[in-house]
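Peer 1: everything below, folded, please.
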Amino acid sequence: MSEARSQHRLGFALVVAAAIAWSTAPFFTRLLPYDSWTILFWRGLFGGGLIVAIMLVLQGSAGLRDLTRIGKSGWLVASLSTSAMIAFIPSLQLTSVSNVAIIIATGPFVTAALAWAWLQEVPHARTMVASVVALCGVAVIVGNARIGSDILGIALACFTTLAIAAMTVMVRRHKDTSMVAAAALSNFLGSIVSIPFAGSIAGIPGADILILAMFGFFQVALGLTLFFLGSRLLPSGQAALISTLETPLMPFWIWVGFGEVPTLRVLAGGALVMGAVIADIAGDIRAQRPSK
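Peer 2: Have a look, this model is predicted:
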């Protein structure tokens with residue numbers, strides 16, 4: 001029983017760390033004056049390369065075997081991850097960031113519904129209440145989000161949300177599959193798909209290559225690997241809830257890097273999101289504490 005609690009808490013820590021890593025995306029994007037597809041190409045190349053290097057260091061030749069024997073479940077997870085990344089970029093170009101943020105913030109509910117239908121994993125009432133509070137926090141942050149006539153961008157944002165939710169449930173279902181190998185594969189697939197659309201893959205200065213490498217290493221490789229590892233140890237809806245910490249943390253890195261002070265709206269919404277996640281974690285710890 002104590003081992004199960006320890007694994008559960010490790011899952012919390014890994015998914016929180018993944019959300020922190022993912023939240024740096026606007027910071028790196030602000031530093032790079034290139035089109036989204038060029039960034040996606042180099043980010044995926046560096047991210048996938050780092051994951052493979054880590055697998056080789058930790059597992060040796062067994063890491064290569066994991067890559068070549070990933071299986072149907074690993075390919076499906078990798079494909080869902082790649083699809084989410086690819087759909088997310090044009091969704092931001094075709095509709096407002098506010099619309100995309102609100103739609104993606106429904107992720108915990110979509111994930112919980114899929115987990116209930118597929119795994120018979122009934123979400124805890126506390127987690128669902130916290131998800132509602134977190135969704136309200138995201139709504140406060142983006143403010144005045146309106147669904148307009150930009151249907152394609154909204155549809156892509158919905159697809160991104162569904163793909164991430166399905167990926168989270170798949171990771172939970174197939175615990176014996178090497179999801180780290182799937183993370184590497186998804187990055188490489190993203191790079192391959194972006195090639196026909198990228199405007200300036202070649203001729204990038206060395207300084208920008210370094211930024212792209214950091215983008216791929218930290219935000220993508222570290223974030224995706226930590227999420228895959230952590231979400232195997234948590235209920236799917238809870239993992240999705242914790243990942244919403246990404247939203248309020250994004251303005252924090254812009255403030256640190258560029259001196260843009262978050263507005264009162266962002267601070268209030270961020271407090272709601274972080275409060276909801278912390279309350280859910282604290283409630284879970286209390287529920288698992290052995291009664292005296």
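
Peer 1: list the contacts of Ser236.
Peer 2: By CB atoms under 8 Å, 6 or more residues apart in numbering, the contact list for Ser236 reads Thr111, Ala112, Leu114, Ala115, Leu119, Glu121, Ala165, Thr168, Val169, Arg172. Backbone N, C-alpha and C define where each C-beta goes, glycine included.

Peer 1: surely the third one meets Ala166?
Peer 2: Right, the one you point to is Leu114. Yes. Using CB atoms under 8 Å, Leu114 is in contact with Ala166, at 6.1 Å.

Peer 1: which of the contacts of Ser236 sits closest to Ala213?
Peer 2: Distance to Ala213 across the contacts of Ser236 (CB to CB) is lowest for Thr168, with 27.4 Å.

Peer 1: how many other residues sit next to that closest one?
Peer 2: Thr168: 31 surrounding residues under other CB atoms under 10 Å.

Peer 1: quick one: residues contacting it.
Peer 2: Thr111, Ala115, Ser231, Ser236, Ala239, Ala240.

Peer 1: would you turn the residues you listed into CSV with pLDDT?
Peer 2: Compiled in CSV, the contacts of Thr168 are given as follows (pLDDT from 0 to 100):
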residue, pLDDT
Thr111, 83
Ala115, 84
Ser231, 83
Ser236, 77
Ala239, 83
Ala240, 80
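
Peer 1: from the residues you listed, pick the one nearest Ala53.
Peer 2: Closest to Ala53, out of all of the contacts of Thr168 and judged by CB to CB, is Ser231, at 22.7 Å.

Peer 1: Arg173 and Arg232: what is the separation?
Peer 2: Distance, Arg173 to Arg232, using CB to CB, to the nearest Å: 9 Å.

Peer 1: let me redo that: Ala112
Peer 2: 17 Å.

Peer 1: what about these two, which has more around it?
Peer 2: Under the criterion of other CB under 10 Å, the comparison of Ala112 against Arg232 puts Ala112 first, with 26 against 20.

Peer 1: other SSEs contacting the helix or strand hosting the more buried one?
Peer 2: For Ala112, the host element (DSSP states H and E) is helix 107-119. Contact partners of helix 107-119 among helices and strands, from 3 or more CB pairs under 8 Å, 6 or more residues apart in numbering; DSSP states H and E: helix 125-142, helix 151-173, helix 236-243.

Peer 1: starting at the chain centroid, how far to that helix?
Peer 2: 16 Å (CA atoms, centre = their mean, to the nearest Å).
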